[in-house]
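[1] Pasting the sequence and the predicted model now:
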Amino acid sequence: MRVLMTGFDPFGGESVNPSWEAAVGVAEALPDAAARRLPVVFGAAGAALREAVAEVRPALVVCLGQAGGRAELSVERVAVNVDDASIADNAGARPVDEPVVPGGPAAYFSGLPVKACVAASRAAGVPAAVSQSAGTFVCNHVFYRLMHLAATEGPGLRGGFVHVPYAPGQVADGSRGPSMEVASMVRGVAAMIAAACGTPAGTDLRAPGGAVS
Ligand code: PCA
């Protein structure tokens, strides 16, 4: 199965974004995969994703993004149709309560079997959890655009979004919380892709992964 991996440029004052390094690592580990780097820019990121899908023609798309502060790989369950930026994107834009796609549905569920992905990563020794929100910044924007593309123009296209923690070099001063080696991210995401390939579309493992609040 041909796979498209995406990661992002650095943002928020960082000089690296481990999502890109992990996307490259996963693509290199798979027999038929490509990696593309997306700008951290509302609108342009979705357009770049769309171009990449048209060019690579993948059966599966896994977009990665950095979620500093999280301790594990976060398999995102749902993309919402809202851009609400608490910081400026890399082009200086800061939309508030604007739709990702005007007239689009309020939300899309991930096309990945999120529970099976979490289980597969854990079985590979890499901490992972279901996340109930991908936020309302550029990652959610790309996730929503991906799912909208799959729903409207891509029959058979499966995809989803995984947030990764900071890499160790980003938290070296010790004050910025948890981190994960990029090699572990690669191992966990590769296990998720194997799980997705082995799980019929529209089905998932039945395992708890919710949150109380
Ligand atoms: N993380 C941001 C955008 C780019 C990235 O890697 C987010 O979570 O929205």
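    Arrived safely.

[2] Give me the three-state assignment for the residue most central in space within the chain.
    By C-alpha atoms, centre = their mean, the mean C-alpha position of the chain lies nearest to Phe161, the distance being 2.7 Å. Look at Phe161: counting by DSSP: H, G, I helix; E, B strand; the rest coil, its state is strand.

[3] Likewise for Cys63?
    Applying three-state DSSP: Cys63 is strand.

[4] hmm, back to that, which residue is the nearest non-sequential neighbour of the residue nearest to the centre of the chain?
    Here the nearest residue to Phe161 in space, its sequence neighbours aside, is Phe143; by C-beta to C-beta, 6 or more residues apart in numbering that works out to 3.9 Å. Where you see a C-beta, it was placed from the backbone N, CA and C, and this is true even at glycine.

[5] Mind checking if the helix or strand where the one you found lies is in reach of the ligand?
    Assigned by DSSP states H and E, Phe143 belongs to helix 138-152. Yes: for helix 138-152 and the ligand, the contact criterion (C-beta under 6 Å from any ligand atom) is met by 138-139.

[6] name the helices or strands packed onto that helix?
    Contact partners of helix 138-152 among helices and strands, from 3 or more C-beta pairs under 8 Å, 6 or more residues apart in numbering; DSSP states H and E: strand 3-8, helix 44-56, strand 60-66, strand 78-80, strand 107-109, strand 158-164.
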